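Q: here are the coordinates; sequence isn't available:
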């Protein structure tokens, strides 16, 4: 018999076969169990302590998983799902984890029976195609211009969050902001960039009811010389610059050797003349307000204030872009290149206000602003952070609806309808794929089941009644009322989900489950030793008397 051959290094750990599948499935289930209770209107909050000692209190799936420090690689890939969902559609971060966990849970039985993971994945992908086809049949197109319909949609998404107690306030803010910044591309297409053109400004103090969407922008800056420059101008002419209004300094250390006093005076005069020149170029366009991203020297400040021009310096690039979109100005790189068309005249009012201890600049009442600021007020920073997270979700939902105006019934009705449709189709699936295909149909029931669990009602009785109603196929909009746990028609209680969000949730969950099922080997500890030796340079060894070879020593 041959002796065993060692291929891998002793330091390398390797797991393969069924053990890997079970470990991955257990890890995914553990992650999904952590945030299962945060689904629906009756969801629980999680309190997380981060490394810096800060506290995060939220029921946003992505915000919770982002703070967790996990060791298992499969669990980490589950967290990535939630992040992807948040970036793509902004909602359904909890649903996607619960669904992916359930997909892996139902696959465990087939792994035990000796099914090959490729067969399970093949059935899962077929089920995904059929699920999206079924979702298309139950989706309902809506009119984006109907504000009440939009409000119901956003409210059903935000209704599960912490801010549901404040009524429709946040949903109103989200819709107003997204409608403001949406660009009509023609052919019924819209482009909505909420990351670039909507700024959420959180100011502690006041009440949440005081929050508003400004028809313009605000930022945390004051004018350069408060005593000399105006802090309130109606219908201002605004010039935006991306260059310093001060004398150009050398790139590196610049030494000027002066032999006479007159040379020093000449140098100062040249600087002064340069500043006067650029101030005159700017003043020739009669602006009321000059905003620059770079510095603004005392001398320039003096000349501008003499001409009754207010100046603001060191504004962020992102803020400057928003001001340009709001008032119709163009950001100019050199004062020499200024044109009349670059001056922004779209703003109705420029004003500097003091809120709390800080000064904020408001450029509001814009004619057709394509950028805006949402001002959030609240009692504490923790409250404001949670409201901001919820507001981002609400804005994402309204953006999805504006981009793709189709909705599906919420409250688990869409999932139950798809589950019933897949069970029906499973009879026509031939061969060994039939059983995993049917398991996907059962896995979709995880969403309504979790909703019922979080409401504290009898889960088995509720789910049985719901399955019976959907198997008849008379009404696809029958789901669970997340507040009471009773079975209700979603069209009556006006609970809807965005079509985009649902499709993204199903695709992400099933594709992630397939990816984790196809892992059959985990090898850890590769090339760690080599890295160590490369990073730490070897010490130069100095021989002393003890180290010297005695045979090579010369005889005395």
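A: Received, thanks. What you see is a predicted model, and the numbers here were worked out from it, not measured in a lab. Residues are numbered from 1 along each chain as shown.

Q: could you point out which element follows the strand or helix carrying residue 373?
A: Taking DSSP states H and E as the definition, one finds residue 373 inside strand 372-378. Going down the chain from strand 372-378, the next helix or strand is helix 381-403, by DSSP H and E.

Q: which parts of that following helix are buried?
A: Buried positions in helix 381-403, judged by neighbour count with 16 or more other Cβ atoms under 10 Å: 383-403. All C-beta spots, glycine's among them, are computed from the backbone N, C-alpha and C.

Q: try stretch 78-92
A: With burial defined by 16+ other Cβ under 10 Å, the residues of stretch 78-92 counted as buried are 78, 79, 81, 82, 84, 85, 86, 88, 89, 90, 91, 92.

Q: relative to residue 167, which of those is nearest.
A: Distance to residue 167, by Cβ to Cβ, is smallest for residue 91 among these, at 19.4 Å.

Q: what pLDDT is listed against that closest one?
A: Note for residue 91: predicted pLDDT of 80.

Q: how about residue 330?
A: On the pLDDT scale, residue 330 gets 91.

Q: now residue 290
A: 92.

Q: then the one 5 residues further on?
A: The model reports residue 295 with a pLDDT of 88.

Q: ok, it - how many residues close by?
A: Using other Cβ atoms under 10 Å, the number of residues around residue 295 comes to 14.

Q: any idea which helix or strand comes after the helix or strand encompassing residue 129?
A: Per DSSP H and E: residue 129 is located in helix 117-138. Downstream of helix 117-138, the first helix or strand assigned by DSSP H and E is strand 140-141.

Q: roughly how far is that following strand from the heart of the chain?
A: 26 Å (Cα atoms, centre = their mean, to the nearest Å).

Q: just stretch 504-512 next, same as before
A: With Cα atoms, centre = their mean, you get 18 Å for stretch 504-512.

Q: give the rounded mean pLDDT of that stretch.
A: Computed over stretch 504-512, the mean pLDDT rounds to 91.

Q: stretch 387-399 too?
A: On average, stretch 387-399 scores 85.

Q: swap in stretch 481-497?
A: 83.

Q: hmm, back to that, between the strand holding residue 373 and helix 381-403, what angle do the directions make?
A: 150 degrees (axes from the mean of the first three to the mean of the last three Cα atoms, to 10 degrees).

Q: picking that back up, on contacts alone, who are the packing partners of the helix holding residue 129?
A: helix 93-112, strand 406-409, helix 413-426, helix 434-443, helix 499-517 (3 or more Cβ pairs under 8 Å, 6 or more residues apart in numbering; DSSP states H and E).

Q: residue 196: which of these is closest?
A: Per Cβ to Cβ, nearest to residue 196 of these: helix 499-517, 19.7 Å.

Q: pairing partners for the following helix or strand past the closest one, with directions?
A: Next helix or strand after helix 499-517 toward the C-terminus (DSSP H and E): strand 521-524. Paired with strand 521-524 in the same sheet, following DSSP bridges, are strand 13-16 (antiparallel).

Q: the partner strand: which residues count as buried?
A: Within strand 13-16, judged by 16+ other Cβ under 10 Å, no residue is buried.

Q: list the buried residues for the helix holding residue 129?
A: Quick answer for helix 117-138 (16+ other Cβ under 10 Å): 117, 120-124, 126-128, 130-131, 134-135, 138.

Q: check the offset of it from the chain's centre.
A: 28 Å.

Q: what does stretch 226-237 give?
A: Worked out by Cα atoms, centre = their mean, stretch 226-237 lies 36 Å from the chain centre.

Q: who touches that stretch?
A: Contacts with stretch 226-237, where a contact means Cβ atoms under 8 Å, 6 or more residues apart in numbering, come from 223, 285-289, 301, 304-305, 308-311, 343-345, 347-352, 363.

Q: could you redo the last one with a cut-off of 7 Å?
A: 223, 286-289, 305, 310-311, 343, 345, 347-352 (Cβ atoms under 7 Å, 6 or more residues apart in numbering).

Q: need the max-distance pair from those.
A: The span of the contacts of stretch 226-237, defined through Cβ to Cβ, is set by 305 and 348 at 23.4 Å.

Q: which one's more surrounded, those two?
A: A count of neighbours by other Cβ under 10 Å puts residue 305 above the other of residue 305 and residue 348, at 18 against 15.

Q: burial of residue 259, as a residue count?
A: Per other Cβ under 10 Å, the neighbour tally for residue 259 reads 7.

Q: sorry, that was for residue 23
A: Residue 23 has 16 neighbours, counted by other Cβ under 10 Å.

Q: quick check on it: phi, psi?
A: Per-residue torsions, residue 23: phi -60, psi -40 (degrees, to the nearest 10).

Q: separation between it and residue 168?
A: Distance of residue 23 to residue 168, given as Cβ to Cβ, to the nearest Å: 46 Å.

Q: next one: residue 197
A: Relative to residue 168, residue 197 is positioned 23 Å away (Cβ to Cβ).

Q: more neighbours: these two, which one.
A: Set residue 197 next to residue 168 and count neighbours by other Cβ under 10 Å: residue 197 wins out with 24 against 15.

Q: correct me, but that one touches residue 369?
A: No: if you go by Cβ atoms under 7 Å, residue 197 and residue 369 don't touch, sitting 9.1 Å apart.

Q: quick one, the helix holding residue 129 and helix 499-517 angle?
A: 170 degrees.

Q: could you list the residues in contact with helix 117-138?
A: 107, 110, 408, 414, 417-418, 421-422, 425, 432-433, 436-437, 440, 476, 502-503, 506-507, 510, 513-514, 517-518.

Q: buried subset of the residues you listed?
A: The buried subset of these - by 16+ other Cβ under 10 Å - is 107, 110, 408, 414, 417-418, 421-422, 425, 433, 436-437, 440, 476, 502-503, 506-507, 510, 513-514, 517.
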